[in-house]
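Novice: Sharing a model that was predicted from the sequence below.
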Amino acid sequence: MIAVEREFSSKGRPIAARCWHDPALPPLLALHGWQDNAATFDRLAPLLPQFHIVAMDFAGHGLSAWRPAGTRYHMLDHVDDVLAVADQLGWEKFSVLGHSMGAGIGILLAGAMPERVGRLLLVDGLGPWAAKEEEAPDVLRAALEEWRDFTPREERVFATIDEAVAARQRGFTPLTAEAARLLCTRGLKAVPGGYAWTLDRRVRHHGSQRMSEAQARAYVARLAAPVLLVRAQPGFAAAEEMFSGRWPLIRNGRLVSLPGSHHLHLEEQAGAVAEAITDFCRGSAG
């Protein structure tokens, strides 16, 4: 089906979004992962006709504006933008569908403002990545050195879209060619000589501060919404401790494990993810 493009704003900065289904249906705000964009839901959203889905591009991603020059990207700032979009839609209460980083941002919002989120539908993510308290100086040092050495430069130009798709397949997590091409439909812009990423390079920088695990768990423990977590198997090995320590804090949750990659909702398991979401929503109030 054909998605509808919309534009919102956060403190005067444009936020792009991709929308599916009748606006009269129950609202669902879809949040993508790190370095992805709203097209990550292009396979899943058409399979969820029970919702009006609005999938936003985070700042510096997809078709949304970049943050001002001289500033960093902080995960907590994305929460401001999510709230701004929901407010402009007039949604007092809505469901959240989040993948990876988007799942983390959804948990931050739902933990801080539980009255706004009716359901949390999470795909291979359960909150922000945390660091040990004693690692804080090292985290800041790495960010300071990276920021000091950062200088704007000419964008990498791909002669063809196929070259960009191949590069995207080799990103932070491996992707099939079909999935990478879907992300590239929203992640590329035409420039002299070919195509360049719409992604702001600053998005890839290390954060200057990371939450402790205790802080992250405090958000999870504050959740009032029913939670569905769809986990990819095998997923990130490094994430196992995060999942095992946080999931027991969920008071009203369902865990579904599916074989597949980190982007299983965009690849071979889109139908199974949609089925899990539909089944969960039938049995939960939101």
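Specialist: Yep, that arrived.

Novice: As a check, name the ranges of all strands in the stretch 51-200 of the chain.
Specialist: Along the stretch 51-200 of the chain, the segments classed as strands by DSSP state E, counting those that start in this stretch run 52-56, 94-99, 117-123, 188-191, 194-197.

Novice: what pairs with the fourth one, and is each one parallel or antiparallel?
Specialist: Paired strands of strand 188-191, with direction, are strand 194-197 (antiparallel) (DSSP bridges).

Novice: Over the strand it pairs with, what's the mean pLDDT, rounded is fine.
Specialist: Averaged across strand 194-197, pLDDT comes to 96.

Novice: Using CSV, write out every CA atom in the helix or strand following that strand.
Specialist: Once the chain leaves strand 194-197, the next helix or strand it forms, by DSSP states H and E, is helix 213-221. In CSV, the C-alpha atoms belonging to helix 213-221 read as follows (Å, rounded to 0.1, in the frame of the first residue of the first chain):
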residue,chain,number,x,y,z
GLU,A,213,22.1,0.1,34.4
ALA,A,214,20.3,1.1,37.6
GLN,A,215,19.0,4.2,35.9
ALA,A,216,17.9,2.3,32.8
ARG,A,217,16.1,-0.3,35.0
ALA,A,218,14.3,2.5,36.8
TYR,A,219,12.6,3.5,33.6
VAL,A,220,11.6,-0.1,32.9
ALA,A,221,10.3,-0.6,36.4
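
Novice: Quick one: list the elements packing against helix 213-221.
Specialist: With contacts defined as 3 or more CB pairs under 8 Å, 6 or more residues apart in numbering; DSSP states H and E, helix 213-221 has these neighbours: helix 101-112, helix 240-246. Bear in mind the C-beta positions are built from the backbone N, C-alpha and C, glycine included.

Novice: which of the ones you listed sits most buried?
Specialist: Ranked by mean neighbour count, those are led by helix 101-112 with a mean of 24 (mean count of other CB atoms under 10 Å).

Novice: Next one, pLDDT for Glu5 please.
Specialist: Checking the pLDDT column for Glu5, the value is 97.

Novice: Name all residues that make contact with it.
Specialist: Contact partners of Glu5, counting by CB atoms under 8 Å, 6 or more residues apart in numbering, are Ala16, Ala17, Arg18, Cys19.

Novice: Of all pairs in the residues you listed, which one is the farthest apart?
Specialist: Greatest spatial distance among the contacts of Glu5 (CB to CB): Ala16 and Cys19, at 10.7 Å.

Novice: Check which element follows the worst-scoring helix or strand of the chain on mean pLDDT along the chain.
Specialist: Lowest mean confidence among the helices and strands of the chain (mean pLDDT, DSSP states H and E): helix 240-246, at a mean of 87. Going down the chain from helix 240-246, the next helix or strand is strand 253-259, by DSSP H and E.
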